[in-house]
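>>> structure of the sequence below:
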Amino acid sequence: MSLPTPRTSIKTAQEVAAEIMGAHRSWYLVNGSSVGIHAVLGALVKPGEKVLVHRQCHKALLFGLVYSGAIPVYLEPVDDNLPEYAYGSVDLGKVKNLLEIHDIRMVMVTSPNYYGIALDIASLSSICRAHKVPLFVDEAHGTHFSFHEGFPLPALKQGADFVVQSMHKTLGGLYQSALVHSAGTYAQYEGKIARMLSMLQTTSPSALMIMSIDAALDEANREGRRRYKEMLEMLETLRPSLTTSNFKVITPPAEVLKKGNFVSFDKMKLIFMAVSEDYLNLMKLKVILSEQYGIEIELADENHMLLTLSLADAVDLEQTRENLIFFSETLERLVDRGFGLIEEPDDFKDPKELPEFFLTPRDAFYAEKKRLKLSDAVGEVSGNMVCIYPPGFPQIIPGEKIHEAVIHQIYHDYHLGFTIVGVHDEDNELYIDVIEEDLTS
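Numbers count the residues shown, from 1 in each chain. Below you'll find the predicted structure:
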């Protein structure tokens, strides 16, 4: 059973997927969106060539840079003190400038982000077209956008050349199932993408996973427009009543969208912003909701809790409505009873130092390393990628000089209960692998 070069039923299924999603060619993926990212990156960018990649991208892209040998040129987010939920912002002027300075082979951005906020892909695509550079969009959280006009416009319809989507995040496919699409604007690379997928994916893909992609796409195509319409109408009336004295259900304001070059927001996401006069540990509240009430939410960060709704929640709208009200009331009661309170808030101010890079991720991966206490690693060059979940984009990239501010942020989030990936937790102390050679003197 070959997914990259299929015949008979698999070929037909992937052609149907392309037609549904508006692609020239689509491939089923059984190793998540990550393998789609690696395949497109490996097919389009040769070792030593440059790719413009957002600093707040998913870690899968950075691992792809290790694998491919491509050299990253990092696009920093908009420097405008945007809220946590508005990560992944893009300064279009910086994109133009970097494309003029560097010989870029591909531009890679994430849209929407975890919170459902979508970039102005149309404007970004126009810039890339003017410079004859392919635009690759990680749309892992926006697979459902094709099935109702109330959602942000899909990246393929805004001019993206390649798009990767997760089936399991919003459309009900099994974990690891995903899609990667080519718009056909760079069709000459489609054969190479297929060969890359042949190298990167198993030669014995799970039939269950493949069938789940097929079934989820079919259900969304047949039932999506009606169900999503009913769901969005219900949420429109319910949303204001979910706001309490301690949490406000927010829609990202227009000024935030404009500053970050975002254009729209996925209304299947419910962002509960803490507005209590007390400082709250939302990660602790998330654990209490799970362990004591059986309520599982998408994520909690320092100031927000996020709920993600799907097509399945539209099957019984009355039950979904009751579930959301129960969540809101339970969360309010917990805070009123003193759960999750932080007695001494952190008043550290991040000086917003620009990162300094001394090695590419690939060179850092292969370099000799030593292990230090994280608190002793200021000024060292990182040998590891460090991500704080949620939302999971890298705080430290391999080959980057480690600043005091990011160390403080990691310790701060660690003590709040966030998951820290890329450090070693030994006897309640954090350690990090750094480059053994002194590169910064």
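>>> tell me where the stretch 201-350 of the chain has helices.
In the stretch 201-350 of the chain, helices defined by DSSP state H, counting those that start in this stretch lie at 207-238, 254-259, 282-293, 317-336, listed in chain order.
>>> what about the stretch 301-441 of the chain, any weak spots by pLDDT?
Judged against pLDDT under 70, the low-scoring parts of the stretch 301-441 of the chain cover residues 343, 347-353.
>>> what about the strands in it?
Chain-ordered strands for the stretch 301-441 of the chain, with DSSP state E, counting those that start in this stretch as the definition, fall at 304-308, 341-342, 369-373, 386-389, 394-396, 419-421, 424-426, 429-435.
>>> now the stretch 1-150 of the chain
25-29, 50-54, 71-75, 104-110, 117-119, 135-138.
>>> who are the packing partners of the fourth one?
Under the contact criterion of 3 or more Cβ pairs under 8 Å, 6 or more residues apart in numbering; DSSP states H and E, strand 104-110 touches helix 32-44, strand 50-54, helix 92-101, helix 121-130, strand 135-138. In short, each C-beta sits where N, CA and C put it, glycine included.
>>> so for T110, which of those sits nearest?
Among the helices and strands packed on strand 104-110, strand 135-138 comes nearest to T110, with 4.3 Å by Cβ to Cβ.
>>> for F339, which non-adjacent residue is spatially closest?
The spatially closest residue to F339, leaving aside those adjacent along the chain, is I288, at 5.9 Å (Cβ to Cβ, 6 or more residues apart in numbering).
>>> show me the contacts for that neighbour.
The neighbourhood of I288, defined by Cβ atoms under 8 Å, 6 or more residues apart in numbering, consists of L334, F339, G340.
>>> V287 is in contact with the first one, correct?
No. In this structure, L334 is not within contact of V287 by Cβ atoms under 8 Å, at 11.1 Å.
>>> how many neighbours does Y114 have?
Applying the criterion other Cβ atoms under 10 Å, we find 23 residues in the vicinity of Y114.
>>> circling back to that earlier point, what's the most buried one of the helices and strands packed on strand 104-110?
Mean neighbour counts were taken over the helices and strands packed on strand 104-110 using mean count of other Cβ atoms under 10 Å, and the top value, a mean of 28, falls to strand 135-138.
>>> counting by contacts, list what it packs against.
Contact here means 3+ Cβ pairs under 8 Å, 6+ apart; on that basis strand 135-138 packs against helix 32-44, strand 104-110, helix 121-130, strand 162-166.
>>> run me through the strand neighbours of that strand, direction for each.
strand 104-110 (parallel), strand 162-166 (parallel) (DSSP bridges).
>>> any stretches of the stretch 1-150 of the chain with poor pLDDT?
Along the stretch 1-150 of the chain, the model assigns pLDDT under 70 to residues 1-2.
>>> how long is stretch 16-29 end to end?
End-to-end distance for stretch 16-29, by Cα to Cα, to the nearest Å: 15 Å.
>>> contact partners of it?
The list of residues contacting stretch 16-29 from outside it, by Cβ under 8 Å, 6+ apart, reads 3-4, 10, 13-15, 35-36, 146, 154, 156-157, 163-165, 176-184, 187, 190, 193-194, 197, 201, 205, 210, 213, 217, 221.
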